[in-house]
Structures are given as structure tokens and as C-alpha cells.
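**Student:** just the structure for this:
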Amino acid sequence: MPAHHFNLYAHRAERRSALRADWRRPLAEGTKRELKALNDRARKRGVELAWSLSPGLDAAFDDPKDVSAAVEKLASVCDLGLRQLSLAVDDTPVNLATCASPTRSAKGCCRAARASC
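**Tutor:** Model prediction:
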């Protein structure tokens, strides 16, 4: 990839439940080993690995527990040596019906999430 001027690989395995449906749970030890090995291989080849968490299906962006769960999971990936992270919310419902306060607008929920991180 670096020979073609590509130096970043965004790893977004949405089909893995650890990133999507079970996003609040800590990563399993086996998954951590796989991710660390993938990051090590990428770095040896001059590629930065970016890891993405995708909590949009049921995250309450104004709930401190959900914000904390996302931050803790992302921090656990940093502990493996990765330095590029993303929080994928492209699949978040437009009305964010899962916000702790269902009457809040999407704009209000996103603002609450940014303020908490």
C-alpha cells in the first residue's frame, strides 16, 4: 500500500459483534491479540491502522454510561498501540430514538456526546 501512497487502513469490521451489537462490552482477549497482530503487521509495512467503533444502532448519546463505555473501549484499543480511532455513527437513526431523552433532537444528542468526550 505505501508504494501506492496509501498509508492508512481503516478497519471497520461491522459484522463483528464486538464493534456493533456488543459495543459496550470489553474486547475479548483473542480479539485484542488479533488486533495487536494486525497493527504490528501494518506498521511493519508503513501503514497506520485505524480502528472504528460503531455504536449507532442503540447508543444513547446523551447517556453518560454509554459515553463512558465508548471511551473505555476506544482507550482499550489505544492500549494495544493503535493511535488512529473513529466513532462511526453513519448508521445512527435520524431521530436518535434511543437517546435517554426521546424528545431531544439529533442535534442536541450529538452536542451532548461531543461535550462529554
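**Student:** which residues in this protein form helices?
**Tutor:** Using DSSP state H, the helices found in the chain span residues 29-44, 64-78, 106-116.
**Student:** reformat the ones you listed as CSV; add distance to P55, mean pLDDT and mean neighbour count.
**Tutor:** C-beta here means a position set from N, CA and C on the backbone, and glycine is covered the same way. CSV is the format used below for these (distance: least, Cβ to Cβ, whole Å; pLDDT from 0 to 100; neighbours: other Cβ atoms under 10 Å):
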stretch, distance to P55, mean pLDDT, mean neighbour count
helix 29-44, 16, 93, 14
helix 64-78, 6, 89, 16
helix 106-116, 10, 43, 15
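**Student:** now do stretch 85-104, average pLDDT.
**Tutor:** What stretch 85-104 shows for mean pLDDT is 61.
**Student:** run through the residues that contact K36.
**Tutor:** Counting by Cβ atoms under 8 Å, 6 or more residues apart in numbering, K36 makes contact with L80, G81.
**Student:** redo the helices of the chain as TSV? Include distance to L57.
**Tutor:** Below are these laid out as TSV (distance: least, Cβ to Cβ, whole Å):
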stretch	distance to L57
helix 29-44	19
helix 64-78	12
helix 106-116	14
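**Student:** pLDDT (mean, whole number) over the strand ranked longest in the chain?
**Tutor:** Identified as the longest strand of the chain according to DSSP state E is strand 48-53. Averaging pLDDT along strand 48-53 yields 89.
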